Every structure is written in structure tokens, then in C-alpha cells.
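Peer 1: Give me coordinates for this.
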Amino acid sequence: MTELRISHTSDLDPGELTAVRGLLDAAFDGDFSDEDFEHGLGGLHARVLDGTALLAHGSVIQRRVRHAGRWRRVGYVEALAVRADARRRGLGGQVMAALEHVIGRAYDFGALSASDDGALLYAGRGWQVWPGRISGLGPEGVVRLPDEEGTTFVWPAPDHRADEDLVFDWRDGDVL
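Peer 2: Modelled structure (predicted):
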């Protein structure tokens, strides 16, 4: 029997964080960097467990995003993965439902950068691809991130002013 747990990073012990990292490394075929892992820390983690075995994980962390002339508090979904032998059982949807609950109550809107595999899950849950430009506020000013356009999803969608960028706060590694 599976159990969904919601915990802040500060409430996860080193063994639990090691299990999360192991799940992410396996799910992303080793293409999950230390910076990627760090991006998923400092917020709330939704984990699906079967006993002590971690089957699925996702986290939501706070980001600042400028849109339509103001900075908004955004719940950014990170580090979503389901163990290979537990896929297609609705566990990713359970994790997303928990994260969406947090986003809906604590943030202006949610955002995430989707892999090809994840895009169908997000679109099926009502997340929408942002139709405009995506940028980051870097040390030298605003930097357009064209590789993120078409893969950045929002929920619920803020006013669709496609003539306005979504400008994300800068961070090491991948900005999104």
C-alpha cells in the first residue's frame, strides 16, 4: 500500500535525501546534476512511498518571476520522477496534485520546465505552455532563454500577455 507524504526539506533526514537523489539519478539516466538536485531543495517535497521504498517524488520551491511589470511569487515544480517499475500507475499525478494544492494556496501561479516525457502529464492536468518569451535576470541584465520557450508550463496561467516575457530569477546551472 502506498502513502503520500509532504515534507519540507528541513524535515528530511540524510537517508531520505539520498533516496530522492538516487530516484532522480535513475529516472533521468544519470543526467541529473548536483545543481539540478540543489534546485529542488528548500521547499516542500511530495513523496510516494511503499513502506520505506521511494516510488515517486516532486518538490515545489519559491521562485520570483517578473511578468506584466511586476515580480510575482511563483511555485516552481522541480525534481519530479517516478521509479521505472512504478510508472503508469498514477503516482506522478498524485505527486502533482499535492504540489498543485500547495501552489494554489501559497503562490501567484506555478511554473515548470517539462521534459518530453513529462509534458503529457502536465498538459493533461491543465498546465499550459507559456506562449511568449522566456528570460532570466542574470548578472548582466535580462537574458533571453529561447531553448526554454515551448517547454515552460504555467498553472493556472497568468494573464496571457504573450508580448510580456516571463523573467525568472537567476540561479546557477540551468536557469529553468
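Peer 1: residues contacting the residue nearest to Asp25 when sequence neighbours are not counted?
Peer 2: Nearest residue to Asp25 in three dimensions, chain neighbours excluded: Phe32, at 5.4 Å (CB to CB, 6 or more residues apart in numbering). From N, CA and C alone the C-beta is placed, and that goes for glycine too. Applying CB atoms under 8 Å, 6 or more residues apart in numbering to Phe32 gives the contacts Arg21, Leu24, Asp25.
Peer 1: swap in Val143?
Peer 2: Ser135, Gly136, Leu137.
Peer 1: Please apply the same query to Leu23.
Peer 2: Leu54, Ala56, His57, Ala81, Arg83.
Peer 1: and it, helix, strand or coil?
Peer 2: helix (DSSP: H, G, I helix; E, B strand; the rest coil).
Peer 1: Check it and give its pLDDT.
Peer 2: pLDDT recorded at Leu23 is 98.
Peer 1: again with the one 3 residues further on
Peer 2: pLDDT for Ala26: 97.
Peer 1: Please tell me how far it sits from Thr18.
Peer 2: Separation of Ala26 from Thr18 (CB to CB, to the nearest Å): 13 Å.
Peer 1: what does Tyr76 give?
Peer 2: Plainly put, Tyr76 is 23 Å away from Thr18 if you go by CB to CB.
Peer 1: quick one, which of these two is more surrounded?
Peer 2: Per other CB atoms under 10 Å, whichever of Tyr76 and Thr18 has more neighbours is Tyr76, with 24 against 12.
Peer 1: residue nearest the centroid of the protein?
Peer 2: Central residue of the chain (CA atoms, centre = their mean): Val77, 1.8 Å from the mean position.
Peer 1: and the closest residue to it other than its chain neighbours, how many neighbours does it have?
Peer 2: Nearest non-adjacent residue to Val77, counting by CB to CB, 6+ apart: Leu112, 3.9 Å away. By the measure other CB under 10 Å, the count of residues near Leu112 is 26.
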